[in-house]
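> got a sequence here, can you build the structure:
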Amino acid sequence: MRPQQPPPSPAVDTANRATNRRRRPDLTLPLPHRDPALAVPLPLPPRSAPSSTTSSSQPLAYAELERVSRIGSGAGGTVYKVLHRPTGKLYALKVIYGNHEDAVRVQMCREIQILRDVDNPNVVKCHNLFDHNGEIQVLLEYMDKGSLEGVHIPHEPSLSDLARQVLSGLYYLHKRKIVHRDIKPSNLLINSRRIVKIADFGVSRVLAQTMDPCNSSVGTIAYMSPERINTDLNHGQYDGYAGDIWSLGVSILEFYLGKFPFAVGRQGDWASLMCAICMSQPPEAPHSASREFRDFIACCLQREPAKRWTAGQLLKHPFIMQYASPGSNGSGGNNPVHQSHQLLPPPRPHFSSA
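Numbers count the residues shown, from 1 in each chain. The predicted structure follows:
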């Protein structure tokens, strides 16, 4: 027989009755009054925002690529035209030379993750990075008309349009704290729609620390700013954004002249190039050019980095603005780039990479 429980105390019995009253099943709360005239629907996500679950956001697989032909090669690697079999689209696959240490590989992968998010009509799109059989391979947007290396553009309206497109890409990169470090004609690509895009950034910056400077810099030092070559200049301070503007100025002036603008050859020895860039006065546009173009080049090729104009300022320079189409606001934003002048000469049919 179970022992009998003692009866509850008067205080406990009172508390239980109060709890039961609070748990009455017929107890309801009044709903707040809602005026339908003031109802506002919840905002939906923008249609342009890609979903993380869609197939378009998935990186392209290496097994789905088929090599079509070799486009070109340079000190940094070989570039192939490849076909993505499921979609039939063409891409450029850059196979980078060398056996890289694990730390370099990790850093490259980090940079590629950043570059995959870069989306601008004047910057070559980076789609994926593959580490295949010990080789680093980068999948890039395919530019079917190749690079602008060796192209002569004496027509100022065409050159203004080209400069505006490159500046638009640089403005986008610089706003996102990305420095190119290797602006030169061979890294400016063009497609059949006459759109100019900046190529070969990010990965080349990582590779620079693993290559012999004497072998890898000869082709690039020609476009480096004085303070980058000689660290004694500018109190040892290097501004990568200003360095990109110097390289742009040298490239644009080379397009106009049809030759490297310094007294020495572009492929000259390291010592000669260093003396010409660091010790001589910056090159100038000839007096036969317009006043606007001469001033534009001068704004780019200032010996003191702080005096060089930024990409945003140069987009509003008279040389750029006087030829800009009405739909171009000069802000360097994400607005589609207008078609360049048809007088822009076709580039040579090759892709140069370094």
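
> surely His180 meets Leu170?
Yes - the criterion here is Cβ atoms under 8 Å, and His180 meets it with Leu170 at 7.1 Å. (Each C-beta comes from the backbone N, C-alpha and C, glycine too.)

> okay, the two: which has more neighbours?
A count of neighbours by other Cβ atoms under 10 Å puts Leu170 above the other of His180 and Leu170, at 29 against 25.

> ignoring the adjacent residues along the chain, who's closest to the more buried one?
Ala311 (4.3 Å; Cβ to Cβ, 6 or more residues apart in numbering).

> on the three-state scheme, Arg294 is what?
Three-state assignment for Arg294 (DSSP: H, G, I helix; E, B strand; the rest coil): helix.

> how about the residue nearest to it when sequence neighbours are not counted, secondary structure?
Once flanking residues are discounted, Arg294 sits nearest to Ala285: 4.3 Å by Cβ to Cβ, 6+ apart. Following three-state DSSP, we place Ala285 in the coil state.

> look up how far Glu292 lies from Ala285.
Distance, Ala285 to Glu292, using Cβ to Cβ, to the nearest Å: 10 Å.

> more crowded one of the two?
Ala285 (22 against 18).

> pLDDT weak spots in the stretch 1-150 of the chain?
1-57, 74-76, 98-100 (pLDDT under 70).

> would you map the strands across it?
Along the stretch 1-150 of the chain, the stretches classed as strands by DSSP state E, counting those that start in this stretch are 65-73, 77-84, 89-96, 126-132, 135-141.

> if we can go back for a sec, check contacts around the residue nearest to Arg294.
253, 256, 293-294, 296-298 (Cβ atoms under 8 Å, 6 or more residues apart in numbering).

> where is the longest helix in the chain?
helix 156-175 (DSSP state H).

> elements contacting it?
strand 196-198, helix 240-257, helix 291-300, helix 311-314, helix 318-321 (3 or more Cβ pairs under 8 Å, 6 or more residues apart in numbering; DSSP states H and E).

> between His180 and Leu170, what contacts are shared?
Residues touching both His180 and Leu170 (Cβ under 8 Å, 6+ apart) are 198, 244.

> what residues sit buried inside stretch 157-166?
158-166 (16 or more other Cβ atoms under 10 Å).

> repeat that for stretch 300-313.
Those would be 300-302, 305, 308-311, for stretch 300-313 by 16+ other Cβ under 10 Å.

> end to end, how far does that stretch reach?
11 Å (Cα to Cα, to the nearest Å).

> so what touches it?
167, 170-171, 174, 225-227, 234, 237-239, 241-246, 248-250, 252-253, 281-284, 299, 314, 317, 331-332.

> and the residues you listed, which are buried?
167, 170-171, 174, 225-227, 234, 239, 241-246, 248-250, 252-253, 282-283, 299, 314, 317, 332.

> wait, what's in contact with His242?
His isn't right for residue 242; it's Ala. 225, 305-306, 308.

> skipping its backbone neighbours, what lies nearest Tyr97 in space?
That would be Gly77: by Cβ to Cβ, 6+ apart, it lies 5.0 Å from Tyr97.

> is the one you found in a bridge, and if so with what?
When bridges are assigned using DSSP bridges, the partners listed for Gly77 are Ile96.

> contacts only, for it.
Gly77 neighbours (Cβ under 8 Å, 6+ apart): 94-97, 353.

> closest to Thr220 among the residues you listed?
Ser353 (11.7 Å; Cβ to Cβ).

> and the pLDDT for the closest one?
pLDDT for Ser353: 37.

> so what's the closest residue to Pro226 other than its chain neighbours up against?
Among residues not flanking Pro226 along the chain, Cys278 sits closest, at 4.5 Å (Cβ to Cβ, 6+ apart). Counting by Cβ under 8 Å, 6+ apart, Cys278 makes contact with 226, 229-230, 233.

> Cys278 falls within a helix, correct?
Yes - read with three-state DSSP, Cys278 is one of the residues of a helix.

> quick check: it vs Ile221, distance?
In terms of Cβ to Cβ, Cys278 sits 11 Å off from Ile221.

> overlap in contacts of the two?
With Cβ under 8 Å, 6+ apart as the test, Cys278 and Ile221 both reach Ile229.

> quick one on the thing from earlier: how about the helices and strands packed on helix 156-175, which one is nearest Pro59?
Using Cβ to Cβ, the nearest of the helices and strands packed on helix 156-175 to Pro59 is strand 196-198, at 20.3 Å.
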